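Asker: A predicted structure for the sequence below; I have some questions about it.
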Amino acid sequence: MSISGKMKPGAGMTEYNFAYLDEQTKRMIRRAILKALAIPGYQVPFASREMPMPYGWGTGGVQVTAACLVPEDRLKVIDQGADDTTNAVSIRKFFEKTAGVATTEETARASLIQTRHRIPETPLTGDQVLVYQVPIPEPLRFLEPRETETRKMHSLEEYGLMHVKLYEDISRHGAISTAYAYPVKVEGRYVMDPSPIPKFDNPKLSDCPAIQLFGAGREQRIYALPPYTKVVSLDFEDHPFEASKADQDCALCGSATSYLDEVIVDDAGGRMFVCSDTDYCRARRAAGHVGAQGVPHEEAGA
Amino acid sequence: MRAEALSGGFAEASVEAARAFRAVMRAMARPGTVERVAGAAPPAPLSVAAGVAVLVLCDPTTPVHLAGAHDCAALRGWIGFHTGAPVVARGEAMFALGTWEALAPLEGYAPGTPDYPDRSATLIVEMARLEAAGARLTGPGIREAAALSLPEVAAFEDNAARFPLGLDFLFCCGDRLAGLPRTTRVEAI
């Protein structure tokens, strides 16, 4: 056994193990991912590590991504749909540096996508993995603060409390007022928090060809949805679930179907609605679509 | 310890383990698909695929059960050196290795608890043949239906009926493997 063959100083050597985490940690996370896939919607406890970023900045997603990455991957990172915000840029650079993987902003070209609070507008394919950053993985946590109790409720399939919460929404507001992190039931068994994605994205969780993994770093939980898993948003027969969005078209690309962010543009109450998914909006403008306040793509780039 | 126990591990652990895990993850997420893996050269009777699974998933925190002919000095030495996993009886094992006949009956393995269904054993089953044909599979990870050459049907029906408790399986043959989580419904055709 010789060491010299493997050690080539200067030949792409970095001071990091591939994808930052040590192998023992990756094995522990990988085992949790496999059990999460075997029990869809169930939160598997894992020994979350300190990462070189604060809790709340996607440490769960980063650890899941690190355990899944291969050198051939092309990574995309989005923060509420945008590729160019601080969180997304930092995590993309982190993996460029520690794993040496290629990155992209185009959904269709990415093999692994880490996301904070959105599902891309472009439909995912069977070759892709979507990793969600999750702040509070327990859908019952704000209704029942004790972990011992929520764990028992999941084991007994006792989700009455969640329906009471949704019912109280209706009695108070006339409709279910939960707009994001809208609870879902997975394969008729576990109630799951889909992370704070807008409820507009909930239908995309179900029957998705891609593998969906959820990582909560501070709360130390990993859960998953295998491809083509049935995911149903909780509702009532007389108040069915409705995936809602702002009743506008994107001001830049004119899309009537994508999820929109409201942007305040001056001090006089002026506002515009633009696509939350920056790659989707850019691709539409590049294809010649122009919204009410948009300019043709060539000029926008100049 | 014999010299063969020291060889046959990953040459470049972090990268080879990453590629192998992605294949194992795809296999477990999509029951009925057969994945090819590489990087391990374990002593007989362990297959390459089962050896890769052991290197990717086992370490000193995961007790392993060796069933039948797999409980031999060569394998104990190899697994001990490369993973540090303790070899235990089936009831305490997180992973179990062997042929289907040697691993049976399934009642002895940990199926998890209602509070923690993830605390269940994963069986790594050595197969003489493995192909995407045979028993009909439906459930999460499968678009409509898939097929896999399973050793039998009744045991998997019983296993799926216990959900969320139950065992998960990796079937290995040569350098190929396929997964079968407890959620998969298995029917004979």
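Answerer: Great, that's in hand.
Asker: poorly predicted segments of chain B, please.
Answerer: Scanning chain B for pLDDT under 70 picks out the ranges B:1-2.
Asker: and the longest helix belonging to it, how far from the chain's centre?
Answerer: If you go by DSSP state H, chain B has its longest helix at helix B:13-29. Shown here is helix B:13-29, whose average C-alpha point lies 13 Å from the average C-alpha point of the whole chain (Cα atoms, centre = their mean, to the nearest Å).
Asker: could I get that helix in PDB with only the CA atoms?
Answerer: Output in PDB follows, covering the C-alpha atoms of helix B:13-29 (Å, rounded to 0.1, in the frame of the first residue of the first chain):
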ATOM      1  CA  ALA B  13     -13.300   7.000   0.200                       C
ATOM      2  CA  SER B  14     -15.100  10.300   0.100                       C
ATOM      3  CA  VAL B  15     -15.800  10.400  -3.700                       C
ATOM      4  CA  GLU B  16     -16.500   6.600  -4.200                       C
ATOM      5  CA  ALA B  17     -18.700   6.500  -1.100                       C
ATOM      6  CA  ALA B  18     -20.600   9.500  -2.500                       C
ATOM      7  CA  ARG B  19     -21.300   7.900  -5.800                       C
ATOM      8  CA  ALA B  20     -22.200   4.600  -4.200                       C
ATOM      9  CA  PHE B  21     -24.600   6.300  -1.800                       C
ATOM     10  CA  ARG B  22     -26.400   8.100  -4.700                       C
ATOM     11  CA  ALA B  23     -26.900   4.700  -6.300                       C
ATOM     12  CA  VAL B  24     -28.200   3.200  -3.000                       C
ATOM     13  CA  MET B  25     -30.500   6.200  -2.500                       C
ATOM     14  CA  ARG B  26     -31.900   5.900  -6.000                       C
ATOM     15  CA  ALA B  27     -32.500   2.200  -5.400                       C
ATOM     16  CA  MET B  28     -34.300   2.800  -2.100                       C
ATOM     17  CA  ALA B  29     -36.300   5.700  -3.500                       C
END
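Asker: packing partners of the helix or strand just after it?
Answerer: Going down the chain from helix B:13-29, the next helix or strand is strand B:35-36, by DSSP states H and E. Strand B:35-36 sits against helix B:13-29, strand B:176-180, with contacts defined as 3 or more Cβ pairs under 8 Å, 6 or more residues apart in numbering or on different chains; DSSP states H and E. From N, CA and C alone the C-beta is placed, and that goes for glycine too.
Asker: which residues are in contact with residue A:112?
Answerer: Counting by Cβ atoms under 8 Å, 6 or more residues apart in numbering or on different chains, residue A:112 touches A:65, A:68, A:69, A:73, A:74, A:75, A:76, A:128, A:129, A:131.
Asker: what is the neighbour count of the fifth one?
Answerer: Spelled out, that is residue A:74. Residue A:74 is flanked by 15 other residues according to other Cβ atoms under 10 Å in any protein chain shown.
Asker: repeat that for the second one.
Answerer: The number of residues packed around residue A:68, counting by other Cβ under 10 Å, is 23.
Asker: am I right that it is in contact with residue B:21?
Answerer: Yes: between residue A:68 and residue B:21 there is a contact under Cβ atoms under 8 Å: 7.3 Å.
Asker: before we move on, back to that, out of the contacts of residue A:112, which sit inside strands?
Answerer: Of these, the ones assigned to strands by DSSP state E are A:74, A:75, A:76, A:129, A:131.
Asker: and of those residues, the nearest to residue B:137?
Answerer: residue A:129 (21.6 Å; Cβ to Cβ).
Asker: would you mind measuring from the closest one to chain B?
Answerer: Distance, residue A:129 to chain B, using Cβ to the nearest Cβ, to the nearest Å: 8 Å.
Asker: work out which residue lies at the spatial centre of the chain.
Answerer: Just so you know, I chose chain A. residue A:132 (3.0 Å; Cα atoms, centre = their mean).
Asker: not quite, go with chain B.
Answerer: The centroid of chain B falls nearest to residue B:124 when counting by Cα atoms, centre = their mean (2.2 Å).
Asker: which SS state does that residue fall under?
Answerer: Classification of residue B:124 using DSSP: H, G, I helix; E, B strand; the rest coil returns strand.
Asker: show me what it is bridged to.
Answerer: residue B:97, residue B:170 (DSSP bridges).
Asker: these two touch, right, it and residue B:55?
Answerer: No: using Cβ under 8 Å, residue B:124 is not in contact with residue B:55, being 11.7 Å away.
Asker: any low-confidence regions in chain A?
Answerer: Along chain A, the parts satisfying pLDDT under 70 run over A:1-14, A:298-302.
Asker: in it, which spans are helices?
Answerer: Going by DSSP H, chain A shows helices at A:23-38, A:59-68, A:86-98, A:147-155, A:160-173, A:202-205, A:278-286, A:297-301.
Asker: and those helices as JSON lines, adding distance to chain B?
Answerer: As requested, the helices of chain A are exported to JSON lines (distance: least, Cβ to the nearest Cβ, whole Å):
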{"stretch": "helix A:23-38", "distance to chain B": "4"}
{"stretch": "helix A:59-68", "distance to chain B": "7"}
{"stretch": "helix A:86-98", "distance to chain B": "11"}
{"stretch": "helix A:147-155", "distance to chain B": "4"}
{"stretch": "helix A:160-173", "distance to chain B": "18"}
{"stretch": "helix A:202-205", "distance to chain B": "12"}
{"stretch": "helix A:278-286", "distance to chain B": "24"}
{"stretch": "helix A:297-301", "distance to chain B": "36"}
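Asker: good, wrapping up.
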